[in-house]
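Engineer: The following comprises the amino acid sequence and a computationally predicted model.
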Amino acid sequence: MKKILKVLGIILGAVLVLLGGYLIYLFASYHRIPDNQQLEVETARNREDTEENKLTTDTEYSALTYNIGFGAYTPDFSFFMDGGKSSWAKSKDSVLETVQGAGALAASYAPDFAMIEEIDLDSTRSYHVDEYSILKDHFPDYYYVFAQNYDSAFLFYPFTQPHGSSKSGIGLFSRYPVTSALRRSFPVSTSFTKFFDLDRCYSISRVPVENGKELVIFALHMSAYGNSDEIRKGQIGMLAADMEKEYEAGNYVLCGGDFNHDLKASKEDTGERESWAYPFPREELPEHFFFGIDLLTQEERDNLWNSARNADMEYVPDVTYTVTLDGFIISDNIECTSYEDINTGYSYSDHDPVYMKFKLKD
């Protein structure tokens, strides 16, 4: 019996040493990407910047936003952090096929501006596939801006298939020249949950307009808040202040991405929803700003396809919980001419794209 207890004690001690070492590694390797980081603008191939490349008023343009879910979310995929099963995509071939499909779908709409979230560069969960390179091949002759959202340490959970390390971000693909771009770091959790929610950011990119103003594009991916009112208010407040600053400077503002809020709901809604599907507090938007979805009639909003599904299970029509998390905020010097949530049945991601057409006012 003493020998058995001794062996068990040695095993327990080794486990505690390993656990302690891992926790030290996790905290020591944690870092946030610096705020106000200048981003590289990659110039489109075979393009020359001329006056004809500048935006003009009263011309119709288009924008698309799409969270591609790091290439993992085929319709039968469920994610462990949402209560599902898997922590990795099914295979490297599945990632390649899914990202190719998402890229081809987005490019088929020929958007003037595409904001694409959850693009992995080098992550365990997506078999280290460089998804950004794949997407750029679908948008030749565009200008590219990439804002890295996070570069996380190796997560040894779940134990049967550790999620590993993740390097991922947000891409802007623009038909028109981008003169400069900046990465802003959202406020995030400072508790232990920061190792699961990871870093968050938005990019601010500037596109010249013929009248001397700029179209300032905010590409974002906000946190999945749960019940954290402090983080939600901090992120919305920071974003609102930056957008308002650009509007006061006379610029046009287009903000698109995954807001991780229920964009159809208001705080007065009493319908059933998941606890994390928090209605976006419209009252916290600055004056002169509104969501594109709010220009639709109530009937149009009700009939609008939901842009995201819950990943706690495979997608089953009329069974899986769905919600609209993705969309656009625009300033009132922009006219929204059409708005659409594209229904693919979540073929390439747990999100579907949102597509909008707009004009810059004089």
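Structural biologist: Received it, and whenever you're ready, just let me know what you need.

Engineer: The longest strand along the chain pairs with which strands, parallel or anti?
Structural biologist: For the chain, the strand reaching the highest residue count under DSSP state E is reported as strand 143-155. Strand 143-155 pairs in its sheet with strand 41-42 (antiparallel), strand 164-174 (antiparallel), by DSSP bridges.

Engineer: where along the protein do the helices fall?
Structural biologist: Using DSSP state H, the helices of the chain run over residues 2-29, 92-108, 131-138, 194-197, 229-248, 298-303.

Engineer: and Arg175, what does it touch?
Structural biologist: For Arg175, the contacting residues are 111-113, 141-143, by Cβ atoms under 8 Å, 6 or more residues apart in numbering. Every C-beta, even on glycine, is put in place using the N, C-alpha and C of the backbone.

Engineer: Looking at those, which gets the smallest pLDDT?
Structural biologist: Ranked by pLDDT, the contacts of Arg175 bottom out at Asp141, which has 91.

Engineer: excluding its backbone neighbours, what's nearest it?
Structural biologist: Closest residue to Asp141 apart from its sequence neighbours, by Cβ to Cβ, 6 or more residues apart in numbering: Ala44 at 4.8 Å.

Engineer: Count the neighbours of that neighbour for me.
Structural biologist: Neighbour count of Ala44, defined by other Cβ atoms under 10 Å: 22.

Engineer: how close does it sit to Ile204?
Structural biologist: Going from Ala44 to Ile204 by Cβ to Cβ, to the nearest Å gives 20 Å.

Engineer: Glu117 too?
Structural biologist: As judged by Cβ to Cβ, Glu117 and Ile204 stand 16 Å apart.

Engineer: And Glu299, by the same measure?
Structural biologist: In terms of Cβ to Cβ, Glu299 sits 35 Å off from Ile204.

Engineer: check contacts around the residue lying closest to Thr56 once chain neighbours are set aside.
Structural biologist: Excluding the flanking residues, the one nearest Thr56 by Cβ to Cβ, 6+ apart is Glu210, at 4.8 Å. Glu210 sits next to 51, 54-57 when contact means Cβ under 8 Å, 6+ apart.

Engineer: What does Glu210 show for phi and psi?
Structural biologist: phi -60, psi -30 (degrees, to the nearest 10).

Engineer: which regions of the stretch 201-350 of the chain sit below the pLDDT cut-off?
Structural biologist: Applying pLDDT under 70 to the stretch 201-350 of the chain flags the ranges 225-227, 270-271.

Engineer: Against Ser91, how distant is the closest residue in space to Ser152 that isn't next to it in sequence?
Structural biologist: Nearest residue to Ser152 in three dimensions, chain neighbours excluded: Ser166, at 4.7 Å (Cβ to Cβ, 6+ apart). Counting by Cβ to Cβ, the gap from Ser166 to Ser91 is 18 Å.

Engineer: Settle it for me: which of those two has more neighbours?
Structural biologist: Ser166 (22 against 10).

Engineer: ok, that one - contacts?
Structural biologist: Contact analysis of Ser166 by Cβ under 8 Å, 6+ apart lists 70, 120, 123-125, 150-152, 155, 198.

Engineer: so what pLDDT did it get?
Structural biologist: Each residue has a pLDDT score; the one for Ser166 is 87.

Engineer: do the same with Arg47
Structural biologist: On pLDDT, Arg47 comes in at 62.

Engineer: cool, and Asn149?
Structural biologist: Per-residue pLDDT puts Asn149 at 89.

Engineer: how about the closest residue to it other than its chain neighbours, what does it touch?
Structural biologist: With sequence-adjacent residues excluded and distances taken as Cβ to Cβ, 6+ apart, Asn149 is closest to Gly169, at 4.5 Å. Taking Cβ under 8 Å, 6+ apart, we find Gly169 in contact with 119, 121, 132, 146-150, 201.

Engineer: again with Tyr132
Structural biologist: 119, 121, 146, 169, 171.

Engineer: top of these by neighbour count?
Structural biologist: Going by other Cβ under 10 Å, Ile119 tops the contacts of Tyr132 with 27 neighbours.

Engineer: ok, which stretches of the stretch 151-300 of the chain are strands?
Structural biologist: Ranges of strands in the stretch 151-300 of the chain, per DSSP state E, counting those that start in this stretch, are 164-174, 180-185, 201-208, 214-221, 252-258, 289-291.

Engineer: looking at those, which is closest to Gly84?
Structural biologist: The minimum distance between Gly84 and the strands of the stretch 151-300 of the chain falls on strand 164-174, with 17.0 Å, by Cβ to Cβ.

Engineer: That closest one versus strand 180-185: what angle between them?
Structural biologist: Going by axes from the mean of the first three to the mean of the last three Cα atoms, to 10 degrees, strand 164-174 is angled at 140 degrees with respect to strand 180-185.

Engineer: list the buried ones in strand 164-174?
Structural biologist: Within strand 164-174, the residues that count as buried by 16 or more other Cβ atoms under 10 Å are 164-174.

Engineer: Taking strand 201-208 as reference, get the angle to that strand.
Structural biologist: Calculated by the same axes, to 10 degrees, strand 164-174 forms an angle of 20 degrees with strand 201-208.

Engineer: Just give me how far strand 164-174 sits from the chain centre.
Structural biologist: A distance of 9 Å separates the centroid of the chain from that of strand 164-174, by Cα atoms, centre = their mean, to the nearest Å.

Engineer: my guess is the residue nearest to Asp141 contacts Lys136, does it?
Structural biologist: No. Using Cβ atoms under 8 Å, Ala44 makes no contact with Lys136, being 9.8 Å away.

Engineer: Overlap in contacts, these two.
Structural biologist: Taking Cβ under 8 Å, 6+ apart as the contact rule, Ala44 and Lys136 both touch 142, 144.
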